[in-house]
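Visitor: just need the structure, nothing else, for what follows:
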Amino acid sequence: QVQLAESGGGLVQPGGSLRLSCAASGSIFSINAMGWYRQAPGKERELVAITDSGSRNYADSVKGRFTISRDNAKNTVYLQMNSLKPEDTAVYYCNAVIVAMTMRVDDYWGQGTQVTVSS
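Guide: Take a look at the predicted model:
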């Protein structure tokens, strides 16, 4: 059984910062890509940032403001969000492609954490 546990969401004023964390646990052999997605009310889920084998890619809307990082020893991915804007308000979901000890490869999602940017 593999699980992703997110933390770090909340309410922040425009221009502020938040750091999201997502830890994978369970019967893990290895983790391939890890990333963050978000879904605003009435909109489709969109990719925010993703990291795999040292590479990092970002949505144009967050480039220069958000940074994704990863601690492989802790099976954890982070999203540092700076200069937050009201349009960043959404539920943020962690995603990981994980190889279980059974060698089965699956796509896992966290439960989501709310980020609200408002004055």
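
Visitor: now do the strands in the protein.
Guide: With DSSP state E as the definition, the chain shows strands at residue ranges 2-7, 10-12, 18-26, 28-39, 46-52, 55-58, 66-71, 76-81, 90-100, 105-109, 113-117.

Visitor: quick one, what contacts D88?
Guide: In this structure, D88 makes contact with 38, 62, 81, 115, 117, judged by Cβ atoms under 8 Å, 6 or more residues apart in numbering. The C-beta positions use only the backbone N, C-alpha and C, and glycine is treated the same way.

Visitor: let's go with 7 Å and repeat that
Guide: Residues near D88 by Cβ atoms under 7 Å, 6 or more residues apart in numbering: 81, 115, 117.

Visitor: gap between the closest residue in space to L11 that isn't next to it in sequence and L79?
Guide: If the residues on either side of it in the chain are set aside, L11 comes closest to T116, at 4.7 Å by Cβ to Cβ, 6 or more residues apart in numbering. Using Cβ to Cβ, to the nearest Å, one obtains 15 Å as the distance from T116 to L79.

Visitor: buried residues, stretch 60-68. List them.
Guide: For stretch 60-68, the neighbour count (16 or more other Cβ atoms under 10 Å) marks 62, 66, 68 as buried.

Visitor: what residue is smack in the middle of the chain?
Guide: Per Cα atoms, centre = their mean, the C-alpha nearest to the average position across the chain is that of W36, at 2.8 Å.

Visitor: OK, contacts around that residue?
Guide: Residues in contact with W36 (Cβ under 7 Å, 6+ apart) are 20, 48-49, 68, 79, 92, 94.

Visitor: repeat the analysis, applying 8 Å as the threshold.
Guide: Listed by Cβ under 8 Å, 6+ apart, the contact partners of W36 are 20, 22, 47-50, 68, 77, 79, 92-95.

Visitor: again, but for N57
Guide: By Cβ under 8 Å, 6+ apart, the neighbours of N57 are 49-51.

Visitor: swap in N95?
Guide: For N95, the contact set (Cβ under 8 Å, 6+ apart) comprises 4, 33-37, 107-110.
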